[in-house]
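# Give me a 3D structure for the following:
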Amino acid sequence: SLSRIWIAFRFARLPTSARGTSWFASFTLAAYDEAAGRALFEREYDRARNWNAQNNHGLAVAASPDRRAALGSVKPPALVIHGTEDPILPYEHGVATANAIPGCKLVTIEKMGHDMPEVAWPRIIGAIVEHTGAR
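Here you go, the predicted structure:
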C-alpha cells in the first residue's frame, strides 16, 4: 500500500542516529518500547520542515558562553527535573543548573535518561504541580 511505502521512505531518510531510537532512553527505569520510539521519530520527521535543522540546537549550545553566572539573577522560583542517566546532558549538568539558581529545587529521577518515560510522569507532574501550586 502507499502508506507502507511512505513509512519505509520516511524511515530510510532518517539519519542513522534516529533509526536506533533507544540511544537516549531510560533502560533501567522502564522497558524501552522500540515501536513507540520509532512512531515518535516518524511523527517528528513528518512535522519537520528541515530534518537537518535538528543539529542547530546542539551547535547553538556548544557555541554559547557559560550561563551559570546569569542564572544567579533568576528571580521566579525555579524547578529543575533531571534524570541520573541522561546521556545527552549528564546529571551533573542538572545539578549545576539548580545550584546556580538561588532557591532552586532539584528533583532527581533515578535511572531516567533524556526521555520522559510514562512510568516517570506521576513524579514529574507531581513536582510541577507542587512547584506551581496548581491543584
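# which stretches of the protein have low pLDDT?
Scanning the chain for pLDDT under 70 picks out the ranges 1-28, 134-135.
# need the helices for it, in chain order.
Applying DSSP state H to the chain gives helices spanning 2-13, 16-19, 34-47, 55-63, 68-71, 91-100, 121-132.
# Can you point out the buried residues in the last one?
Residues of helix 121-132 classed as buried by neighbour count (16 or more other Cβ atoms under 10 Å): 123-124, 127. Every residue, glycine included, has its C-beta placed from N, CA and C.
# What of the third one?
The neighbour-count check on helix 34-47 (16+ other Cβ under 10 Å) flags 37-38, 41-42, 45 as buried.
# that older thread, for the buried residues of helix 121-132, which one is nearest residue 97?
residue 127 (15.1 Å; Cβ to Cβ).
# pretty sure residue 102 is touching residue 76, no?
No. Between residue 102 and residue 76 there is no contact under Cβ atoms under 8 Å: 10.8 Å.
# Which one of these two is surrounded by more residues?
When neighbours are counted by other Cβ atoms under 10 Å, residue 102 and residue 76 differ, and residue 102 comes out ahead with 12 against 7.
# ok, now how distant is that one from residue 128?
Here the criterion is Cβ to Cβ, to the nearest Å. By it, residue 102 lies 20 Å from residue 128.
# just residue 74 next, same as before
Applying Cβ to Cβ to residue 74 and residue 128 gives a distance of 17 Å.
# which residues are in contact with stretch 76-91?
When contacts are defined by Cβ atoms under 8 Å, 6 or more residues apart in numbering, stretch 76-91 is touched by residues 23-24, 26-29, 93-95, 97-98, 101, 103-114, 120, 124, 127-128, 131.
# Can you turn the buried part of these into a PyMOL selection?
Buried members of the contacts of stretch 76-91, defined by 16+ other Cβ under 10 Å, are picked up in PyMOL with:
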select buried, resi 26+29+94+97+98+101+106+107+109+112+113+114+120+124+127
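# In contact with the closest residue to residue 80 other than its chain neighbours, which residues?
In this structure, residue 80 finds its nearest non-sequential neighbour in residue 98, 4.3 Å apart by Cβ to Cβ, 6 or more residues apart in numbering. Counting by Cβ under 8 Å, 6+ apart, residue 98 touches 78, 80, 82, 104-106.
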